[in-house]
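Peer 1: Here is a sequence together with a model predicted from it:
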Amino acid sequence: MPDARTHDIITMISGVALVLPVYNYVLTRTGEGQLAAVCTLLFVVGHCVSGMMFSPDLDLDSAIDDRWGVFFWIWRPYMWLVPHRSRWLSHGLLVPTLLRLLYFYAVVCLLLIVLSWCLARLGVILPNYHIQLTAYLRELPVNNPQETAVFMVGFITGGAAHTIADWLVTGGKRYLRAVGIRVGDRYKNHDRWQPQRRRVRAW
Ligand SMILES: [Zn+2]
């Protein structure tokens, strides 16, 4: 499997390659150049955030959870529960990417509930932020349908670019070889994963 840096490059190249098709698609559908530009930007942001921060390789102790800094532990249960490269839970074209987003939303809600509960014990009453967040997210596709749709499509393509690259390297080596790309048999450096000892965190 490609390492994190290679995946980042793949994410960026595929994101840039999709800029024109997305811009043209939104422009022909809406006829609004400014909206098409905003939607294209949102698409690229969704694609890159998905590929670099919400990468499928969060299912193993990798360079990716380092990027979350002190919040790396958010992804620990995901890493423990999801088998590496599970087609249904981490490395797939659609469901796993949406699952990671749902998982992140659930963790944020849980944190907000726990924070409210703890502060309530100290006499500080917070508004129901998790309910407000949920209401905001539910209204988002109603109030901004095009923007939400392109962001979500970008988010899905960001995860798909990673998965396709992994599939190509493991299952499609002979096809890559046919077009002149040689892939070695060992992928020890896969996302700087070190099986026996704890990695030293970058932060
Ligand atoms: Zn992977």
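Peer 2: All right, it came through fine.
Peer 1: Can you list the low-confidence ranges for this structure?
Peer 2: Low-confidence segments of the chain, defined by pLDDT under 70, span residues 1, 172-176, 181-203.
Peer 1: How about the residues of this protein by the ion?
Peer 2: P56, D57, D166 (CB under 5 Å from the ion). From N, CA and C alone the C-beta is placed, and that goes for glycine too.
Peer 1: Dump those residues to a markdown table, plus secondary structure and neighbour count.
Peer 2: Output for the residues of the chain next to the ion, formatted as a markdown table (DSSP: H, G, I helix; E, B strand; the rest coil; neighbours: other CB atoms under 10 Å):
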| residue | secondary structure | neighbour count |
| --- | --- | --- |
| P56 | helix | 30 |
| D57 | helix | 25 |
| D166 | helix | 21 |
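Peer 1: A160: which of those residues is nearest?
Peer 2: Lowest distance from A160 to the residues of the chain next to the ion (CB to CB) belongs to P56, with 9.5 Å.
Peer 1: The closest one against A161, yeah?
Peer 2: No: the pair P56 / A161 is not scored as a contact, 10.0 Å apart, by CB atoms under 8 Å.
Peer 1: now the residue located most distally from the centre of the chain, what's its secondary structure?
Peer 2: Distance from the C-alpha centroid of the chain, by CA atoms, centre = their mean, peaks at G123 (37.6 Å). Recorded secondary structure, G123: coil (DSSP: H, G, I helix; E, B strand; the rest coil).
Peer 1: That concludes my questions; thank you for your assistance.
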